[in-house]
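In: Need a 3D model of the following:
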Amino acid sequence: MQPSLALQDDQEHLPSLLATDAKELSYQLQQHQAKIFPPLSQKTIRTFSPAEAAAFIGIGEGYLRQVAADGHGPDPLPNGRRLYSASDMDRIRRVLDERNGTPKYVPARRAGEKLQIVSVMNFKGGSGKTTTAAHLAQFMALRGYRVLAVDLDPQASLSALFGHQPEFDVGEGETIYGAIRYEEPRPIADIVRATYTPNLHLIPGNLELMEFEHETPKAMASGTAETMFFARIGEVLTDIESLYDIVVIDCPPQLGFLTMSALCAATSVLITVHPQMLDVMSMSQFLTMTSELMSVVERAGGRTSYDWMRYLVTRFEPNDGPQSQMTGFMRAIFGNRMLHNAMVKSTAVADAGVTKQTLYEVERSQFTRGTYDRALESLNLVNGEIEAHIRSTWGRR
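Out: I've put the predicted structure just below:
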C-alpha cells in the first residue's frame, strides 16, 4: 500500500508558512519604518565639523577657516562655530579651483580618464559587502566625485540604507533589470535616482533582479539575445558614462549571471572577507569557482582584466588573536593584493544600521566618542586607500 501524500495533522505546509510570515514581516517592517522615518520625513546627510570638512575637501583646517571668513563658507552658528554641508564643501572646491586656475579640488574625471567601475563582491553573506559598498559610495560623493551606486543584490540592503525600501519604493522595471532585460529594456537614465547625498545617485534593487537569473538561460537557449548576458551591465552603463566618475556595484552574494555581468563591467574588483577560518575556507571555494567561470566568459569574449583587484578584511577585531593570525595568513599569501587597512568591527556601524544609516549620516553625539571615532577612522582609511588606487589608475597622485 502506497503511503498517503496528504499532510499529516502534525505537519506544516512550508510554502503557506513562508508566505504568511513574509506578509506579516513586511507589514511590521513598514510600521517600523514609519516610526523611524514618518511618512513626510526624508533622510538627510548630516553637516560636518571644520576638521571633517577640511579633510573631505583636501585642505588644512586653518585654510578652510580663512576661506569661510572670506565669505565662501556657511554662516556661523550663534556660538560662532561653523558646520559644513556637502553642498558647502562642493562650493568651496569650486572657489578654490577658480582661485588657482587649475582643476585641483573638484575631482571630476578629466579628458582621457575612464569611468571607474568598482564591483564589491563575496560569495558568503555577512562579510560586510553591502556596508563596504555603501560607505565607499558615500565617502567618494563627499570627496566631490560624481558617484553612481548600483544595487545588484535582490535583498536590496544597499537601497534601504540609502532610503529606498525595496518592498514599497521600487516598482516593476525600476531596478537595473529594467535596463538589461531581454525584452523591452528601459533606458538606464530613466532608472537612476538622486539621493539625499549630493553627488550620489542610485539604481535600487529588489526581488525583481532574480528575473535575470531565470531569463538568461532561456535567452541563451533560444539564441535571441543580441548582447550576451555578461556584457549587458557594461553596455547600459556606457549610456550614462559621461555623468559619473565612479560607479560602485554591490553584487549579490552568489556567483550568478548578475555577478558575472558586474565582473565584466568592472574596471576593478574589491573582495570582502571576514578573517575567520570558515569564511576564508568558503572564499577559497569562491575564488576557484569565479576563476573557472571567468575563463569560460573570457573565451566567449568577456572582459576579464582589471586596473586593480584587492581583498579587504572586514569586521576585523584587532584584539582577537585568531582573527589577527588569519589576517596575517592571508597577507602572506596575497601580498599587495590585500588592502593595507582593514574595516574594523564596531558597534557604531551596527547601531547606525538599525536606523538604516551610515556612519557618515549619524551624529557623533549618539555614541561614545571613542567608539565613533575609531569606527570612522577605520572607514576613512579604507576608503582613502581605495580612492588612492582609483586616482593612480587615472595617473594622479
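In: Mind listing residues that contact the longest helix seen in the chain?
Out: Using DSSP state H, we find that the single longest helix of the chain is helix 369-393. Here helix 369-393 makes contact (C-beta atoms under 8 Å, 6 or more residues apart in numbering) with 55, 116, 118, 132, 135-136, 139-140, 143, 246, 267-268, 270, 307-308, 310, 312, 339-344, 346-349, 359-360, 364, 366, 397. Bear in mind the C-beta positions are built from the backbone N, C-alpha and C, glycine included.
In: Just the buried residues from the residues you listed, in ChimeraX please.
Out: Of the contacts of helix 369-393, the buried ones go into a single ChimeraX selection, burial set by 16 or more other C-beta atoms under 10 Å:
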select :55,116,118,132,135,136,139,140,143,246,267,268,270,307,308,310,312,339,341,342,343,344,346,348,349,359,360,364
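In: In strands, which of the contacts of helix 369-393 fall?
Out: 116, 118, 246, 268, 270, 308, 310, 312 (DSSP state E).
In: Of the residues you listed, just say which sits nearest to R65.
Out: Nearest to R65 among those: I246, at 29.6 Å, using C-beta to C-beta.
In: quick one on the thing from earlier: in CSV: the ones in strands among the contacts of helix 369-393, plus pLDDT.
Out: Conversion of these to CSV gives the following (pLDDT from 0 to 100):
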residue, pLDDT
Q116, 97
V118, 97
I246, 98
S268, 92
L270, 93
W308, 91
R310, 91
L312, 93
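In: Now flag whichever of the residues you listed is closest to E61.
Out: Using C-beta to C-beta, those come closest to E61 at I246, 26.1 Å.
In: and that closest one, what does it touch?
Out: 115-118, 137, 140, 145-148, 390.
In: Apply 7 Å and report the result again.
Out: 116, 118, 140, 145, 147, 390 (C-beta atoms under 7 Å, 6 or more residues apart in numbering).
In: For the fourth one, the count of nearby residues, please.
Out: In other words, Y145. 21 (other C-beta atoms under 10 Å).
In: where does the residue nearest to it when sequence neighbours are not counted sit relative to S284, distance-wise?
Out: Nearest residue to Y145, sequence neighbours excluded (C-beta to C-beta, 6 or more residues apart in numbering): D245, at 4.4 Å. The spacing between D245 and S284, counted by C-beta to C-beta, to the nearest Å, is 34 Å.
In: okay, the two: which has more neighbours?
Out: D245 (23 against 10).
In: ok, that one to T355 distance?
Out: From D245 to T355 the distance is 29 Å (C-beta to C-beta).
In: Which parts of the stretch 151-300 of the chain are helices?
Out: Using DSSP state H, counting those that start in this stretch, the helices found in the stretch 151-300 of the chain span residues 157-161, 166-169, 177-180, 210-222, 232-237, 257-265, 277-299.
In: mean pLDDT for those helices: which is lowest?
Out: Of all the helices of the stretch 151-300 of the chain, the segment with the smallest mean pLDDT is helix 277-299, scoring a mean of 79.
In: buried sites along the longest helix of the chain?
Out: Applying 16+ other C-beta under 10 Å to helix 369-393 flags 372, 375-376, 378-383, 386-387, 389-390, 393 as buried.
In: In this structure, where is pLDDT below threshold?
Out: 1-12, 14-15, 26-27, 29-42, 124-127, 354 (pLDDT under 70).
In: residues contacting the most centrally placed residue in it?
Out: Most central in the chain under C-alpha atoms, centre = their mean is A133, positioned 2.3 Å from the mean C-alpha point. Contact partners of A133, counting by C-beta under 7 Å, 6+ apart, are 120, 149, 158, 248, 250.
In: can you rerun that using 8 Å?
Out: 120, 149, 158, 248-250.
In: separation between it and P252?
Out: 12 Å.
In: so E208 sits right up against A179, yeah?
Out: No. Using C-beta atoms under 8 Å, E208 makes no contact with A179, being 11.8 Å away.
In: hmm, back to that, out of the contacts of I246, who's nearest V297?
Out: V118 (18.8 Å).
In: so how far is T368 from the closest one?
Out: 32 Å.
In: follow-up on the earlier one: right, so of the helices of the stretch 151-300 of the chain, which gets closest to E24?
Out: Ranked by C-beta to C-beta, the member of these that lies closest to E24 is helix 166-169, at 12.8 Å.
In: Next, the buried residues of that closest one.
Out: Those would be 166-167, for helix 166-169 by 16+ other C-beta under 10 Å.
In: How is this protein partitioned into domains?
Out: Here the domain parsing of the chain from the TED database is 48-98, 114-392.
In: got a list of what S159 touches?
Out: Here S159 is in contact with 151, 165-166, 169-170, 202, 204-206 (C-beta under 8 Å, 6+ apart).
In: do A231 as well
Out: Counting by C-beta under 8 Å, 6+ apart, A231 has contacts 261, 264, 301-302.
In: any idea how far it is from I246?
Out: The spacing between A231 and I246, counted by C-beta to C-beta, is 21 Å.
In: S346 now?
Out: 25 Å.
In: In contact with K104: list those residues for me.
Out: K104 touches 96-97, counting by C-beta under 8 Å, 6+ apart.
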